[in-house]
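# Return a 3D structure for these sequence lines:
(one chain, ligands or ions: 1)
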Amino acid sequence: MGYKETLLSPIKIGPHLAQNRFFAQPMECVDADEEGNPTELTCRRYENLYKGGFGFVDLEAITVTNESRARRTQLEIMPRNEKPLANLIKRLKEINPNVLLVFQLTHSGEISDPEFSRRVAVKPLPGFGGELLTEEMTEKIIDDFVQASKIAQAAGADGIDLKFCHGYLGSQILRPFNDRPWKYGGPWENRSRFAYDLMERIQRGVSDKGFILGSKLSLWEGFPGGCGSAGPDSPLMDLTEPLDLVKGLEERGAVYFVESLGNVHASMNFMEAVQDEPYLSYLHFWFADILKKTVKPETVVIGSSFSPFRGNVNKLLAVEPGRSSLFAMGARCIGDGMMDMIGLGRQSFSDPFTPLKLSEGRENEIQYCNQCMNCEELMLRQKPVGCVLYNETYRELFKEVRKSLGKLAELHS
Ligand SMILES: Cc1cc2nc3c(=O)[nH]c(=O)nc-3n(C[C@H](O)[C@H](O)[C@H](O)COP(=O)(O)O)c2cc1C
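Numbers count the residues shown, from 1 in each chain. Alright, predicted model coming up:
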């Protein structure tokens, strides 16, 4: 089979059918209104992904509470947001009712910004701190997640993604560093309790059994004591716990997993391979392969870190350059059984029409991401996020940001 046939072939996710193998990664864009509702900018971004032909779309990290959050204008999912979220989904379904849509539910924990919200910690990391989470506070957070799942379902989403990656609260509780003696800390049995209770309660809470449950995971956070390390301060990798987590979540109803690595404040390059280190993508493929070998054959595994592959021109040494493009490499990863779908993150910013252009034979028109990371900078500076290289709106925003910092408004090329 050629790469086009592989990437455009449908796949079952639980009882649903994704039209192709393209997964739009959850990408926080900091463009909600002051109540956490989608704005016109938000709606247009998702409309483009729907028009652009993605089979499965993961709505960016949406916070289950506005009390603690990482971005000032982050999307929120509380009772007041149900109607605006339903309106967004209605607009999307009018474009294509067959695209599968899940919401990535999150709580930022120690990454919550104390400038405008309450920073809470499982066990404070140096340089972070925050109010220590009590068992009561943690149970309230579980309630918030369950409530958010019901809102997602009522608003018309097809499912949810529990965010256990990149150092947000889900990862903070799971990591061996959380050796505090409390109900959710210390031995693995306690550290996995939050994730398992959450999945069980959500499964019971959503009436439709076809509601898609899954999770994006940092299988290895890449710092001593992080998820996937051998002990509270160990720099050694040990995947026993992350793989146990995957099986435990699967037993409780998860039907898909998105592979990820790294942590937003300690090991960012593992999350997002940058221009000079594109080869970190291969590490992701290795982890996706382990994930695929761990789960049941019908559980869908989605691989990450495809943006550095671009067209035939990239910085990845290949025996045959033609086989190292994003599409060729994606189809190979699927064909070799390492994963079932390919996730596009930054590439979904630079060209949300990537899958459509492949299907229409317009590959030469695709705008490829160059990993300049200016989108990430917009996010970290609490500005609406998008592609600075190809989109005038974000290019202007980026120039303003740099000007206000007193730096040259130079754009990476
Ligand atoms: C601006 C920006 C926002 C992101 N927001 C999220 C998010 O909300 N949730 C998440 O799990 N990952 C998030 N990520 C990580 C991506 O989803 C993805 O895992 C990563 O960029 C690697 O994929 P890529 O090489 O295709 O970009 C974000 C990345 C960037 C650059």
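# Which pLDDT value belongs to residue 323?
On the pLDDT scale, residue 323 is placed at 85.
# so it makes contact with residue 331?
No - if you go by CB atoms under 8 Å, residue 323 and residue 331 don't touch, sitting 9.6 Å apart. Just so you know, the C-beta spots here come from the backbone N, C-alpha and C atoms, and that holds for glycine as well.
# Mutual contacts of these two, please.
Counting by CB atoms under 8 Å, 6 or more residues apart in numbering, residue 323 and residue 331 have no shared contacts at all.
# where do the strands sit along the protein?
Per DSSP state E, the chain carries strands over the ranges 11-13, 16-18, 22-24, 56-63, 100-106, 120-121, 131-132, 159-164, 212-218, 256-260, 300-303, 341-344.
# Mind putting those into CSV with distance to residue 44?
Formatted as CSV, the strands of the chain follow (distance: least, CB to CB, whole Å):
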stretch, distance to residue 44
strand 11-13, 26
strand 16-18, 23
strand 22-24, 14
strand 56-63, 14
strand 100-106, 16
strand 120-121, 33
strand 131-132, 37
strand 159-164, 22
strand 212-218, 24
strand 256-260, 24
strand 300-303, 25
strand 341-344, 18
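# now these in JSON lines, with mean pLDDT and mean neighbour count?
Shown next, in JSON lines, are the strands of the chain (pLDDT from 0 to 100; neighbours: other CB atoms under 10 Å):
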{"stretch": "strand 11-13", "mean pLDDT": "98", "mean neighbour count": "18"}
{"stretch": "strand 16-18", "mean pLDDT": "98", "mean neighbour count": "18"}
{"stretch": "strand 22-24", "mean pLDDT": "98", "mean neighbour count": "29"}
{"stretch": "strand 56-63", "mean pLDDT": "98", "mean neighbour count": "27"}
{"stretch": "strand 100-106", "mean pLDDT": "98", "mean neighbour count": "26"}
{"stretch": "strand 120-121", "mean pLDDT": "96", "mean neighbour count": "22"}
{"stretch": "strand 131-132", "mean pLDDT": "95", "mean neighbour count": "14"}
{"stretch": "strand 159-164", "mean pLDDT": "98", "mean neighbour count": "27"}
{"stretch": "strand 212-218", "mean pLDDT": "98", "mean neighbour count": "26"}
{"stretch": "strand 256-260", "mean pLDDT": "98", "mean neighbour count": "28"}
{"stretch": "strand 300-303", "mean pLDDT": "98", "mean neighbour count": "26"}
{"stretch": "strand 341-344", "mean pLDDT": "98", "mean neighbour count": "27"}
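# Quick one, which of the ones you listed gets closest to residue 385.
Proximity to residue 385 (CB to CB) singles out strand 56-63 among those, at 9.2 Å.
# So is that closest one next to the ligand?
Yes - judged by CB under 6 Å from any ligand atom, strand 56-63 and the ligand are in contact via 60, 61.
# got the contact list for that strand?
With CB under 8 Å, 6+ apart, strand 56-63 has contacts from 13, 18, 22-29, 36, 46, 49-50, 69-70, 74-77, 99-108, 148, 157, 161, 163, 168, 216, 258, 302, 341.
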